[in-house]
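J.: sequence plus the predicted model coming up.
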Amino acid sequence: MRAINERFPFPFGVWVLFAMLLVDDCASLPAPAATPASLAFDRPHETRLGRQALASAQAHGNDSGFFVQDTGAQAFLQRAALIEAAERSIDAQYYIWNSDVSGRYWNSRRAYPIDTLANPAHAQRSASLKQLLAQARTISADTSTQHYTPVQQANTALVELTRWFAELEWAPAELVFSEPTSEPLSDGNTPARTAARLGELMRVSEREILMESAYFILGRSQFDGARQLTARGVTLKALTNSLASNDLVGNHAGYARSRKGILSSGIELYELRPDAQDCAQWRGQAAMCNGSASLHSKTMVFDRSVLYVGSFNLNLRSIYLNGETVLIVHSPPLAERVAQAMERAMQPANSWQVELDDNGALQWTGRDGVYDREPATGLWRRFKARFWRLFPIEKYY
């Protein structure tokens, strides 16, 4: 059998060139500015949205309520609706905040409150969420506010808030987070809290683990753990981006170095097609599907009973270095629903299955046949991916 990692010989000069580029580009960050202490708002009973949430939770003990978002558009609209309904505070944490259309919307006073946009006749404050929803309908019908398109979309979603509360799935849950280490280079070998909890869930799984991760880079200890699971009959399936669908060639290069190890450890491996047939369903409209489908979710399902979802990619950076947040939901109905969606994404209409042929070489099988190299990619993209594979820096992708 070939070596686990796909490696290529390269001259010492490549390392020298790479080091020179790093030295040239690196600079110290400025010291953080002093900021006043900030505490989260802790009196939800003083707001309409808080009272609605507390009333919904009253009959469910310590369980939490969940609503699955099926499309990015749906998630955007619900977030806009919640911003619309907020009265006292909005707390947000993001990996990246671009100055694109959606980023400018979130950063704009136009996003909230609605009474700054509406006809003054509609600017009265409502005493209840039901009245707020009625107010939103009235504002939506006012032609003087029609040019505020994002806000009109938010109004549409706001009307759905009461329905979402009614349709929540209640279940026990855990919120697990790991803070980023302040000295990552000196403490890069201890799994973070989110990774440790993930390991516990994997070790107690009995039948099946489904994984969906935008970036999928494993090391030898993860390979060993996968072999132990498959040896006792646990099925492991993973979906990640292909080179054609990945937004970062460098991350794909780190994954490609470990791809044979992933397969040799017994994991069934699937890579998303950029022309996935279900793209229109995922994005909410066919016009946004021009061969650019890409995977961004980070989700795992254990034995169709436990759901693990959050910011955690299945890569070494998330395991050892990053600050991540995950939600663990103990709900067979939710886990089954998400598992079915994951398996659908793994079908030939949406993904290529990656396997080793009889000679130990990689092959990709999809709806259009079998490939012996990265499908749906050009020579230049494959060259860049192979170049980055020369550098064994998987933990930092």
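T.: The structure has been received and is ready for your questions. Numbers count the residues shown, from 1 in each chain.
J.: got the contact list for the closest residue in space to Glu87 that isn't next to it in sequence?
T.: Sequence neighbours aside, Thr47 is the residue nearest to Glu87 in space, at 4.6 Å (criterion: C-beta to C-beta, 6 or more residues apart in numbering). Where you see a C-beta, it was placed from the backbone N, CA and C, and this is true even at glycine. Residues near Thr47 by C-beta atoms under 8 Å, 6 or more residues apart in numbering: Ala86, Glu87, Arg88.
J.: if we use 10 Å, what do you get?
T.: By C-beta atoms under 10 Å, 6 or more residues apart in numbering, the contact list for Thr47 reads Phe41, Ala53, Leu54, Ala85, Ala86, Glu87, Arg88, Ser89, Leu129.
J.: model confidence for it, exactly?
T.: At Thr47, the pLDDT value in this model is 85.
J.: distance check, it against Glu84.
T.: Going from Thr47 to Glu84 by C-beta to C-beta, to the nearest Å gives 13 Å.
J.: pull the distance from the helix or strand hosting Leu54 to the chain's centre.
T.: Leu54 is part of helix 48-57, with elements assigned from DSSP states H and E. The chain centre lies 27 Å from the centre of helix 48-57; the measure is C-alpha atoms, centre = their mean, to the nearest Å.
J.: now the most centrally placed residue in the chain: closest residue in space that isn't a chain neighbour?
T.: The chain has Ser297 as the residue nearest its centroid, 3.0 Å off, counting by C-alpha atoms, centre = their mean. In space, and not counting its chain neighbours, Ser297 is closest to Glu212: 5.4 Å by C-beta to C-beta, 6+ apart.
J.: so the one you found: helix, strand or coil?
T.: Under the three-state scheme (DSSP: H, G, I helix; E, B strand; the rest coil), Glu212 adopts strand.
J.: wait, it sits on Met346?
T.: Yes: Glu212 is in contact with Met346 according to C-beta atoms under 10 Å; the separation is 8.9 Å.
J.: for these two, work out which one has more neighbours and name it.
T.: Set Glu212 next to Met346 and count neighbours by other C-beta atoms under 10 Å: Glu212 wins out with 25 against 21.
J.: quick one: the more buried one and Pro392, what's the gap?
T.: Look at Glu212 and Pro392: by C-beta to C-beta, they are 26 Å apart.
J.: what sits against the residue nearest to the centre of the chain?
T.: Glu212, Ser213, Ala214, Leu239, Trp282, Val309, Gly310, Asn313, Val338, Ala341, Met342, Ala345.
J.: okay, who's weakest in those residues by pLDDT?
T.: pLDDT across the contacts of Ser297 is lowest for Trp282, at 82.
J.: isn't that one up against Asp70?
T.: Yes: in this structure Trp282 lies within contact range of Asp70 using C-beta under 10 Å: 7.9 Å.
J.: which residues are in contact with both of those two?
T.: Taking C-beta under 10 Å, 6+ apart as the contact rule, Trp282 and Asp70 both touch Ala341.
J.: more neighbours: these two, which one.
T.: Counted by other C-beta under 10 Å, Trp282 and Asp70 do not tie: Trp282 has more neighbours, with 19 against 12.
J.: so the more buried one, which of the three states?
T.: What three-state DSSP gives for Trp282 is helix.
J.: Gln353 too?
T.: Secondary structure of Gln353, per three-state DSSP, is strand.
J.: what is the neighbour count of it?
T.: Neighbours of Gln353 under the rule other C-beta under 10 Å: 18.
J.: what do you get for the one 4 residues further on?
T.: Using other C-beta under 10 Å as the criterion, Asp357 is surrounded by 10 other residues.
J.: with adjacent residues omitted, what lies nearest to it?
T.: Closest residue in space to Asp357, ignoring its immediate chain neighbours: Gln363 at 5.0 Å, by C-beta to C-beta, 6+ apart.
J.: perfect, I'm done here.
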